[in-house]
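Engineer: predicted structure and sequence below. I'll ask about it afterward.
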Amino acid sequence: MKGWLFLFVLFALAVSQIGCGTNSAKSRPSRVQPLSNRATTDPVHSGHEASANREPLKLPLIKPRIEVWKAERKLLLFSNGRIVRTYHVGLGLSPVGDKVRSGDHRTPEGEFYIFTKNPKSAFYLSLGISYPNVEHARRGLRDGLINRAEYDRIVDANKRKQGPPQNTTLGGLIYIHGNGSRTDWTWGCVALENEEVKELYDAVETGTPVTIKP
């Protein structure tokens, strides 16, 4: 019995190190923390239920950008300043509050950009969000979570619109990905239904601005 318990602990620790955008074996979300505030009043913009009835997006988008509204569990896709899609999303296991450090299971808040696209994600498809940003780095340096060299690397990557360091105490590997949006089940990522993340993945490129609001 103790042997099985030891193996289970090792497995749990290994899973905790897997980022949402990695190429590990696919897994389905656990059905935890049901959403009580899911928007259902607008059938056109209520999430994946209406996706089959939508007209295809007109590509390429003009000055695309993404907004995630955590409290409303919504992702808005804009083209030329106009909302062209609204998707329902799932968040991290601790959905309230900004991300502070690795392992807190929070979805970060602030201004970011898409720094990579992963067609071989463990969660169908994924778009890498440029966490940590400069504000997170500044706060982490102030609170002693990162050192000056780590801070400088994060700031430099953000200036260059590249992928910031993903392995500091602040955490990383925050993605918009598939595998389901009905619950808050991720390690801090933003989750959509597979058909919706496919549409989003095809519509945006690296460098697309992403704003995540409380």
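Structural biologist: Sure, I can see it.
Engineer: where does this protein have low pLDDT?
Structural biologist: 1-53 (pLDDT under 70).
Engineer: in it, which spans are helices?
Structural biologist: Secondary structure of the chain (DSSP state H): helices located at 2-16, 134-142, 148-159, 194-203.
Engineer: and the second one, what's buried?
Structural biologist: Right, helix 134-142. Across helix 134-142, burial judged by 16 or more other CB atoms under 10 Å covers 134, 136, 137, 140, 141. (Glycine included, C-beta is placed from N, CA and C.)
Engineer: which of the residues you listed lies closest to residue 123?
Structural biologist: Looking at the buried residues of helix 134-142 and their distance to residue 123, the nearest is residue 136, at 22.9 Å (CB to CB).
Engineer: okay, the nearest residue to residue 201 once chain neighbours are set aside and residue 58: tell me how far apart.
Structural biologist: Closest residue to residue 201 in three dimensions, ignoring its sequence neighbours and counting by CB to CB, 6 or more residues apart in numbering: residue 125, at 4.6 Å. From residue 125 over to residue 58 the distance is 21 Å, taken as CB to CB, to the nearest Å.
Engineer: how about residue 172?
Structural biologist: Relative to residue 58, residue 172 is positioned 34 Å away (CB to CB).
Engineer: and those two? which has more neighbours close in?
Structural biologist: Set residue 172 next to residue 58 and count neighbours by other CB atoms under 10 Å: residue 172 wins out with 23 against 10.
Engineer: what's near enough to touch the more buried one?
Structural biologist: Neighbouring residues of residue 172 by CB atoms under 8 Å, 6 or more residues apart in numbering: 19, 102, 131, 132, 164, 165, 166.
Engineer: just the buried residues of those.
Structural biologist: Judged by 16+ other CB under 10 Å, buried ones among these: 19, 102, 131, 132, 164, 165, 166.
Engineer: can you tell me which residues contact the fifth one?
Structural biologist: Residue 164 makes contacts with 115, 130, 131, 132, 133, 137, 153, 154, 157, 158, 172, as judged by CB under 8 Å, 6+ apart.
Engineer: ok, the second one next?
Structural biologist: Contacts of residue 102 were listed using CB under 8 Å, 6+ apart, and they are 168, 169, 170, 171, 172.
Engineer: most widely separated two among those residues?
Structural biologist: Applying CB to CB across those, the maximum distance is between 169 and 172, 10.2 Å.
Engineer: and the closest residue to residue 76 other than its chain neighbours, how far is that from residue 133?
Structural biologist: If the residues on either side of it in the chain are set aside, residue 76 comes closest to residue 67, at 4.4 Å by CB to CB, 6+ apart. Here the criterion is CB to CB. By it, residue 67 lies 15 Å from residue 133.
Engineer: who's more crowded, these two?
Structural biologist: Under the criterion of other CB under 10 Å, the comparison of residue 67 against residue 133 puts residue 133 first, with 21 against 16.
Engineer: most neighbours of all the contacts of residue 102, which one?
Structural biologist: Counting by other CB under 10 Å, top hit in these: residue 170 with 28 neighbours.
Engineer: hang on, that one packs against residue 147?
Structural biologist: No - counting by CB atoms under 8 Å, residue 170 does not reach residue 147; the two are 11.5 Å apart.
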